[in-house]
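In: any chance you could fold what I've pasted below:
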Amino acid sequence: MSPTTRRVVQAILYEIGAVSFVGPALSWGFDQPVGESLALALLMSAIALGWNYVFNGLFEAWEARQAVKGRSARRRLVHGIGFEGGLAILLVPLAAWWLQTTLLAALLAEMVLLAFFFVYAIVFTWAFDRVFGLPRSAGGAA
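Out: Numbering: from 1, shown residues only. Just a heads-up that it's a prediction; the model follows:
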């Protein structure tokens, strides 16, 4: 699979799982109608989808320049921190606006989601690599 196809497939599968979790979680956690929480989840997903594609392209370019190939636990941790940190910078202002609250309140409200997605990003990427193989940037033939 080409690097571009790999990133698109990875991002789409990742976001299907994300919306499946975030939609109901927002509805329950913020006592909002399912339709409103699903709309916010889809908007966040669209932003995350774009970020996923951009971030993985940047990460794989960095990774390809590394002397040590493969994806160790440390490299997966760096990937998760980078991805989720960047996503938080993008999504917290959106949540503050959508929920009509302060940035601090939005950040606090998103902490549970950020913790979930930190773990989810690492586990998902590991599982994706197991099914599809490592990308060329990590020394794989994918």
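In: mind listing what the residue nearest to residue 106 when sequence neighbours are not counted touches?
Out: Excluding its sequence neighbours, the residue lying closest to residue 106 (CB to CB, 6 or more residues apart in numbering) is residue 96, at 3.6 Å. For glycine as for every other residue, the C-beta is placed from the backbone atoms N, C-alpha and C. Listed by CB atoms under 8 Å, 6 or more residues apart in numbering, the contact partners of residue 96 are 102-103, 105-106.
In: now do the contacts for the closest residue in space to residue 124 that isn't next to it in sequence.
Out: Nearest residue to residue 124 in three dimensions, chain neighbours excluded: residue 14, at 5.6 Å (CB to CB, 6+ apart). Neighbouring residues of residue 14 by CB under 8 Å, 6+ apart: 48, 52, 121, 124, 128.
In: please, which helix or strand holds residue 14?
Out: Per DSSP states H and E: residue 14 is located in helix 3-29.
In: next: residue 119.
Out: Applying DSSP H and E, one finds residue 119 within helix 103-132.
In: state the mean pLDDT of stretch 115-124.
Out: The average pLDDT for stretch 115-124 rounds to 87.
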